[in-house]
Structures are given as structure tokens and as C-alpha cells.
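**Q** This is a predicted model, with the sequence first.
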Amino acid sequence: MMPQPQPQHGGMPYPGAASQQPGGPPRRDAGAPGGAPARGPGAPGGPGGPGGPGGTPQRRRDTDPAGRRAEAAFEDTQAMLAAQAGGGRPAGPKPGEGGRRRRGRGAAGPVPGGPEGPEGPGGSGGDGFDDDDEPRARRWTRFLPNWKIVMASFVVLSAGVFGMIAVAYANTPIPTSAQASADDRGSVIYYRDKKTPIARLGVQRVPVKLKQIPKHVQDAVIALENQTFRTDSGIDIAGMARSLWSTVSGTQLQGASTITQQMARGYYEGLSQEVSIQRKIKEIFVSVKLSKTMEKDQILEEYFNLIYFGNGAHGIQAAAKTFFGKNVGQLTVPEGAYLAARVQNPSAFDVQEKKGDYSAIKWRFGAALKNMAEMDPAAYGKYAGSSFDDLKFKKLKVANTYKGLKGYMLNIVLRELKERGIEQEDLDTEGYKVYTTFDKKMMEEAQKAVKARTAGLERTIHARLASVDPKNGRVLAFYSGDDFVNDFNNRAFDSTKQAASAFKPYVLAAWLENDKSLDSLVDGMRTIKMPGTTPISNSGNAAFGPIDMVKAMASSVNTVFVQMGEEVTLQEVARIAKEAGVGETAKYNPAYGGKNAVDYAVQEQKYQVTIGSASVTAVEQAAGYGIFANEGKHYDWHTVTKVTTVDGTVVLSEQVVEKQVITPETAADTTVALQAVVRGGTGGAANLGTRPVAGKTGTNNGYKDAWFVGFTPQVVTAVGMSNDVPYNRAGTRKLKVNKYGLPDKRLKDSQILWKEQPMPEFIGGGGTPTQIWHDYMQAVTAKDEVLQFPPRANTGTRNNLVTPTPTPTPTMTVEDENPFPENGDDGGWPNDDNDGGDGGGPGEPEGRECLPWDGSCDVGNDDGTGNEPPNGELEQNGGPPGTVGAPGTPAAALVPTPTASGRRP
């Protein structure tokens, strides 16, 4: 029989109700509450079904009192609940649509019952059951696996995961090397007494043993960071779960790391601070293994020496010193609680405290004391209510390592160390002890003497001073300025100025080395004209007639030294000066084309070199005169005597190279002439009474540069002065300067023209520089033994360049007119434009208006390189960026490093 077509469905009067034929009685489908089973072919009671016409006898089934099967009530309830949950039956095919017909439990075939039957007009499109006799709303359950399969799969998966974890754990070794920064320690720079620090650079860390850390300090950190530290296996399961989850979810790793984990992460190579699941898992494995292989005290000791507490303090000892000014063993319970509170986020607490916000650290401080009281009420219960405001902090100093005089010392030391292979980074992290040559008292006396004699002068007038031990080349003291941070020109080492008459001792040494004696006579004519050089005259255009070497030196007779240079050759003069270390700094000045200043002067100014046209620094002159104070031997100047590690291993030893430049006899006789300068010549203001002094003054034309270089048997000191004035680039207007004599830092080099201008006449070589030298040397040599210079050696033979007259009398003597004849000693110098003769050098480089060979007019670069201190402190503590290498052998001088703002050395 063909199936009957399905009629249009009627309305749905309630959720889950069967379709109704219009006008017909409601149909009660099988599966609906109170409904009868469907009857169709093969169904019980239907045609061909059990108990139906032509069917087999019906098999007895258990029924409820109403005559239904035992399962019927359950099925009805499930169907009703499913219908209510689904909001109604699934819709059947729409009118006119085909589709698979739902079948009852009986065999396929036409459904009897007529129009009111299940398949008849107005009948239901189905009986509410699928082929498996399940409610339609629950069909998805067929996809659920059996619970036994689920449990079995879970066990297998878990076993696999734990197996992989076990393998990974077994294959994770404990790192054997520490991270590069784990043992970082800053270096200490010492004065020459090897005890007094000049400065500390880099990481502040002083390792201590656990026994040196009071138990209450240990307990304070444990109470806040890891209360189960003494008993745990190196990890905190709850904290680990939080940490892993925050990593997987993409948020930053949370805290909850144990002390062992923190130590492992901060100390061992390979456990970086990156946020990653791989790193966290490795950290956990390593921590568990460490907990098994290391004693808890050993872990805690490493931890206390490793962690950062803020304000540059790494490790508990540095923290105790930084915040409370005491050793860790002296910390009180509240102080220990404060430091423990800082461990969580020290940098953030630094920022907050600088703003006056102590709320967060106060809360942590209180939590530390509370936890300690809970851990050990007997020991810490009384501290639970301690007030944060009762803490007595050490006044924190702003990290400004380069402030004041020490900045100049650090600058030159760092440059020298760099030249010898030790970088700023090494000093910041390796924990070196650097022993310098500087004497603290002498440094202070140098500053005192300069400031006393220059008070009231124009701020553009600068003095520089350098003292060197002639026996070894050690720089004992120097003066470059008062504050390196604001006036970062290290003038004693970098400011190249014309030596003027202070160069003449090298000419005399060349004379004596060529077997000519002090008794030789030379004509002290008024003016002399030499090939390739503009005419050179004496001070005041004086004529001295035949004069010996001692008197010529005492009166600084220019024309005599010109003739001496011609006699022995300029090359011989240059050789002695260069072997004494003079003129090396100028090599780094582009204006000199890489030449030593003495060589440059010989080439460009010819005989003017004999009266001091070469540019030199104060430290070069001090070290150069060492050949006269030390029997002709020269040592390159240097500022470092030794560098060691913390355990005393020598990393760098003193670099001392001896060079015999002149004979002891030449040195002795030159010193005789230089003593005459102080006893009755231009340097009389340097006299130290019973203590023998030798030296030479120097003043160039217009009083632009003035010098006195002198020595006792133990110390050589050079003092120089100059007037360096900044103008606008057109040279028409002076620029305003600050108290350091420098223009606005915002100005670029291209906007500045530096001019050397005359100083007051009393500042000539025999004036203020000699007075500064006297005041300083009187103070620093007061306790020195009074030693005598070697006696006159009378080396060489008399070699007269003029026929002596019975009574040689100069037209004008020093005593007749001026006790300091070099004041106004411009007769021998070319004019400022250098257009008066053929001995001048090339035209003036951009940015300078002075003698073309004068390094004092060095121009800075616009690229920002220079001697300036590091921005915000080094961070800084590094060496200032842009500096050039330090002195080496044989070169004793350093690079003049002009700054971006036109500051010249």
C-alpha cells in the first residue's frame, strides 16, 4: 500500500503538542503524556502485529496499573522534558515539501487509522521517536563516548603528560655558570694612599656571609617573599599555577616565585628574566633540583647577595649602607622589615619615594612585621605595631659621580684605563680596585691656591695646574676647574697653549748636549731676523750685548735663544723637547695635521719655536721639566699605579718607562740657570726661602698666555693662564657667559667664535701664575725634606758666538725698568693676523682668531663628541662619551676633546 500524503499541519496549542486536524479531536500520540502507542503494520495490536489481526499472539509485558509498559512512564517524562527544554517538537517537513518520513517501531508500511490516524490527514508527522526509540531532543547523546572510555583515555593522557614531565625534569641539568650580571660589582677608585676612595663606579654590591646577616633580617624577607622557604621543595604549587596561567593567558607572569626560584632565575646562566612558559618550566625544574642539592642556608646566602633593593644597591650589605648608613649586622627588626618590603618592586618604590609617596612601602612594611609576628610571636610580636615614621634613614645622595674635582680625576683615569684595555663597562661590573697617583691634600691645595689668586678676575680667564713626580712620572695633583659636571674642560691635560719663554730650557739643554757650556757668550741684540721667520725682538726692545747662558735665562733674552737654536739646529731642539713628552697633545688637534706641536712649529714658524711658539699642556710641561729635576731621565706622565680584582689579583700594573733624554751633567747645569730665574730673574715670586727652586716664566704677545713651570728636587709643577672669550660667529659681539666662563650650552660650535684676548699685565708669567705656584708649592712641600739640587757640572766648552767686550752692559736691564720683563714681551711674536712676515703659518681655521699654530683656539665639533659627563649619571657612571684614548708610551698627553657647545679646553 502506498503511503498516504501528509495533510497540512494544524496549530500548535502548547509546546510539544501533536498536530491537529481542524475540527477533529485532539490526537494523543505515543510518547505524549497519556498517549497510546502508535499502531501500524507490524506494531502491537496493528495489522500483522502481535495481538493484531493476522498477527502472532501478543507476548505478555509488564505493565503499570493503568495498563502501560514499565518503561512508558519514564519515556513519557523524558519526552516531555525534552520538549519543554527545546521549546517544542522539531518541525516536520513544510507543506509541499518532501522528506524522509519518520517511522514507528513497527514495520514499514501504510499507517491505518484513517484521517485521524498517525499518518492520516491531520495526523502527526511522526510519533516522537527515531529509529532507535530515543527522544529527538536527545539525539546528540549518541556522540558521547562511554564513561569507561573517557576514564581510560584520561588515565592514558595523564600518564603521557607526567611521563613527558618526568623526562624533561630528568634531562634538565643544574646550570654550572653564573649569569654575567650575577656577581657584578662596581669598582672603587682610590687616591694614592690606597685607602681613601675618590669615587665608586657601577653596581653597588658587597657580598657577605649568611652568618653576618641577623636572623631577624632573614626572617623579614622570608615572611614576605616565601614563608615556607625552610620546608618547601623549592617551588610553591599554588603560586606556580598562577604563574603558568598568567603566562598562558598572555598576561605578565605573576609573583609567587619562591626564594629558591628567584635565586635560580637571577643567578644562573640560561634562566633569563624573559616572560615565557619554557623559561618558567625550566626555572621550576632547576629550583626543585637546587633544593635537593644545596643547603637552604646556601641558597639564602646567594639570594641576599644577589637581589636588588633600589637606589643602586645590589645585595643586603649595599642596601644597609645605602638606606641606613650601617653594616647589615647592625640592622634593627624594623629596618630589616623595610628592606624586605623593598624586594618586591624596588625601582617603583624609588620613584614613589622621590615623589614623597610612601603609602605602598608603608603597607608592605606593616605586612612584613605582621607576618613576622605570626611566624614567631615570641620574637617579633612586640614589633607588630612599629611605626614606619620611626625609621631613621640615611640621607640619600643624588648619584653624581662626576661632581666637583673628582669628575676631572675620574675623567683622566678612565681615559688612561681605556687606552690600556679596561673599558667603562669593566669598571661598572668587575669590582676592580683602581689605585691612582693623586694626592688628596695636594688636589685641594691646588684648587685653594688658584681660587685665591683668581678671585675677582674675568670669568673667561682660566688657570690650570699640574704636579708630577719627576722620579716616576706620577701626576700627584692638578687643577682644571671646580666642577666637571658644569665645566667639563679638563684643561690641565687638554688645553694646549703656547709655551712662550717656558720652552727655553729645552733650547739650553740642546746647547749643552752639543758640548757648549753655560759660560759661552751670545750677543743679546735688540732684534734678530732669521730666514723664514718674522723679526724677533727682546722684551721692551732691549739690547743686552754679549751675555752668558745663565744671565740670558734669568733675563729671558729672546735673541740669544734664537741664535742658540740656529747653532745647534732646530731639529736638535725639537728632539729633546719631544723626548721629554712635549707637544704630543696637539697631534689630536686637526689644525696640526697629526703633527707634534714642536714639529709643527719648526716647520711652520721656524725659529719662533726657540721662544715658545709650540703649544703645550700643563701636564706636558710638568713632566717635561722632570728631565732637569731627575738627572736627565724622563718618565711618561700617568695617573694609575695599579688595578686589582677584589681578591688582590693584579690586572694592570704601573706603566713606567725610563728614558735618558739628556745627560745628568746637562740636567745639572740647566737647573743652575733655572735657579737664577728664581733668585734674581723673572721668577722671583716663586722663591720658597731655604728650599731650592728652579723654574722659568713665559708670556706670549699681548699677555694672552702666561706660565710658570718650576720644581724642587721632589716635585715639578706647571701653572698656566689664558683668557678665552666666546663671540658670535661674526666676531662682532661677546657672548654672555656663566660663572664658569662658558656661553649658553644650547649654542652650537658653528655659532661661536673663540678669541684669545689679553689679560691684565699683572698676570704675565712672572705675576699671577708664579704667585699661584708659590702658594701651592709652599703648602704641599711644607713637610718634605729640604734637598739640594746637584752642583754645577760645568759640562761642555765655551763657544762664544760674539767677541766679548771688557764690560758688556745691556742698553736696558731687567732691573732698570721692569721686574717682570716678560710682561709685554710681544716683540718676538708675529702680530695677531700673522701678516707681518714670511714665518707665519697657514690661514686661521674656522672658529678661531688667534695665532694659527695656537692649540688654545681649538674648535669643537658639531657632532656632540666631547669631554662632557654622561647624561643623568652613569648610569653614569661611565666614562664621558666621546673621549679619546689616554696616554700611552711614549706619548704622554691626551686628546683635547672639544664639546658640541663650543667649549674648548
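**A** Now that the structure is in, tell me what you want to look at.

**Q** how about residue 438, what does it touch?
**A** By C-beta atoms under 8 Å, 6 or more residues apart in numbering, the contact list for residue 438 reads 191-192, 198, 409, 475-477, 639. Every residue, glycine included, has its C-beta placed from N, CA and C.

**Q** so how far is residue 376 from residue 758?
**A** From residue 758 over to residue 376 the distance is 79 Å, taken as C-beta to C-beta, to the nearest Å.

**Q** if we can go back for a sec, please convert the buried members of the contacts of residue 438 into ChimeraX selection syntax.
**A** To isolate the buried subset of those in ChimeraX, counting by 16 or more other C-beta atoms under 10 Å, use the following:
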select :191,192,198,409,475,476,477,639
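
**Q** Secondary structure and distance to residue 585 added to the contacts of residue 438, as TSV?
**A** Shown next, in TSV, are those (DSSP: H, G, I helix; E, B strand; the rest coil; distance: C-beta to C-beta, whole Å):
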residue	secondary structure	distance to residue 585
191	coil	25
192	coil	24
198	strand	23
409	helix	18
475	strand	14
476	strand	19
477	strand	19
639	coil	15
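
**Q** Just give me the closest of the contacts of residue 438 to residue 530.
**A** residue 475 (36.7 Å; C-beta to C-beta).

**Q** can you pull out the strands in the stretch 601-750 of the chain?
**A** 615-616, 633-635, 640-644, 650-653, 658-660, 694-699, 705-711, 716-728 (DSSP state E, counting those that start in this stretch).

**Q** Now the element after the last one, going C-ward?
**A** Elements were assigned by DSSP states H and E; along the chain past strand 716-728, the next helix or strand is strand 752-756.

**Q** Mean confidence (pLDDT) on that next one, please.
**A** Taken as a whole, strand 752-756 has an average pLDDT of 89.

**Q** Neighbours of the residue nearest to residue 514 when sequence neighbours are not counted, how many?
**A** Closest residue to residue 514 apart from its sequence neighbours, by C-beta to C-beta, 6 or more residues apart in numbering: residue 568 at 4.7 Å. By other C-beta atoms under 10 Å, the residues close to residue 568 number 22.

**Q** I'd say residue 568 and residue 510 touch.
**A** Yes. Contact criterion C-beta atoms under 8 Å: residue 568 and residue 510 qualify, at 4.7 Å.

**Q** now the helix or strand encompassing residue 510: mean pLDDT?
**A** Using DSSP H and E, residue 510 sits within helix 504-513. Helix 504-513 carries an average pLDDT of 98.

**Q** what does the next helix or strand after that helix contact?
**A** Beyond helix 504-513 on the C-terminal side, the first helix or strand identified by DSSP H and E is strand 521-524. Strand 521-524 has contacts (C-beta under 8 Å, 6+ apart) with 538, 542-549, 552, 555, 557, 559-560, 563-564, 798, 800-802, 804, 808, 810.

**Q** From these, keep the buried residues only.
**A** Buried among the contacts of strand 521-524 by 16+ other C-beta under 10 Å: 538, 542-549, 552, 555, 557, 559-560, 563-564, 802, 808, 810.

**Q** Give me the average confidence score over stretch 648-663.
**A** 94.

**Q** Extract the CA atoms of it and return them as PDB.
**A** Extracted in PDB, the C-alpha atoms of stretch 648-663 (Å, rounded to 0.1, in the frame of the first residue of the first chain):
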ATOM      1  CA  GLY A 648      94.000  41.300  45.100                       C
ATOM      2  CA  THR A 649      95.000  39.800  41.800                       C
ATOM      3  CA  VAL A 650      96.800  42.400  39.700                       C
ATOM      4  CA  VAL A 651      95.000  43.200  36.500                       C
ATOM      5  CA  LEU A 652      97.100  46.200  35.500                       C
ATOM      6  CA  SER A 653     100.500  47.200  36.800                       C
ATOM      7  CA  GLU A 654     102.100  50.700  36.700                       C
ATOM      8  CA  GLN A 655     103.400  51.600  33.300                       C
ATOM      9  CA  VAL A 656     106.800  53.200  34.000                       C
ATOM     10  CA  VAL A 657     109.300  53.600  31.100                       C
ATOM     11  CA  GLU A 658     112.500  55.400  31.800                       C
ATOM     12  CA  LYS A 659     114.200  57.300  29.000                       C
ATOM     13  CA  GLN A 660     117.500  59.100  29.300                       C
ATOM     14  CA  VAL A 661     116.900  62.200  27.300                       C
ATOM     15  CA  ILE A 662     119.900  64.300  28.400                       C
ATOM     16  CA  THR A 663     123.000  63.600  30.500                       C
END
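
**Q** Lowest average confidence across helices and strands of this protein, where is it?
**A** Every helix and strand of the chain was ranked by mean pLDDT, DSSP states H and E. The lowest is helix 814-817, at a mean of 34.

**Q** Any stretches of the stretch 51-200 of the chain with poor pLDDT?
**A** Across the stretch 51-200 of the chain, the ranges flagged by pLDDT under 70 are 51-145, 148-149, 153, 158-183.

**Q** List the contacts of residue 710.
**A** 625, 674, 678, 683, 686, 693-696, 716-717, 770, 773, 777.

**Q** Tell me the bridge partners for it.
**A** Under DSSP bridges, the beta-bridge partners of residue 710 are residue 695, residue 717.

**Q** Next one: it from residue 778, what distance?
**A** Remark: distance between residue 710 and residue 778 (C-beta to C-beta) = 12 Å.

**Q** Mind listing what's buried along the strand or helix carrying residue 364?
**A** Using DSSP H and E, residue 364 falls within helix 359-375. Under the neighbour-count criterion of 16+ other C-beta under 10 Å, helix 359-375 has 361, 364-366, 368-373 buried.

**Q** Could you list the residues in contact with the helix or strand that that helix is followed by?
**A** As assigned by DSSP H and E, the chain's next helix or strand after helix 359-375 is helix 377-380. By C-beta under 8 Å, 6+ apart, the list of residues contacting helix 377-380 from outside reads 216, 219, 333, 369, 372-373.

**Q** Looking at these, spot the one nearest residue 343.
**A** residue 219 (13.5 Å).

**Q** Who are the contact partners of the closest one?
**A** 336, 372, 375-376, 379-380.

**Q** What angle do helix 359-375 and the strand or helix carrying it make with each other?
**A** Following DSSP H and E, the helix or strand that holds residue 219 is helix 215-225. Here the directions of helix 215-225 and helix 359-375 differ by 110 degrees (axes from the mean of the first three to the mean of the last three C-alpha atoms, to 10 degrees).

**Q** Residue 464 belongs to a helix, doesn't it?
**A** No. Counting by DSSP: H, G, I helix; E, B strand; the rest coil, residue 464 is not part of a helix but strand.

**Q** Would you agree it is in contact with residue 724?
**A** No. In this structure residue 464 lies outside contact range of residue 724 using C-beta under 8 Å: 11.3 Å.

**Q** For those two, work out which one has more neighbours and name it.
**A** A side-by-side neighbour count of residue 464 and residue 724, using other C-beta under 10 Å, places residue 464 first with 29 against 25.

**Q** Spatially nearest residue to that one, not counting backbone neighbours?
**A** Closest to residue 464 by C-beta to C-beta, 6+ apart is residue 491, at 4.1 Å.

**Q** my guess is that neighbour meets residue 466, correct?
**A** No. Between residue 491 and residue 466 there is no contact under C-beta under 8 Å: 9.5 Å.

**Q** Next, show the common contact partners of these two.
**A** Joint contacts of residue 491 and residue 466 (C-beta under 8 Å, 6+ apart) are residue 618.

**Q** how deep is the nearest residue to residue 429 once chain neighbours are set aside tucked in, by neighbour count?
**A** Take residue 429 and drop its neighbours on the chain: the residue closest to it by C-beta to C-beta, 6+ apart is residue 184, 4.2 Å away. Residue 184 has 17 neighbouring residues, counting by other C-beta under 10 Å.

**Q** which of the residues in stretch 453-469 are buried?
**A** 453-454, 457, 460-469.

**Q** try stretch 207-218
**A** 207-208, 210, 213-214, 216-218.

**Q** So which of those is the closest to residue 150?
**A** Among the buried residues of stretch 207-218, residue 218 lies closest to residue 150 (C-beta to C-beta), at 50.0 Å.
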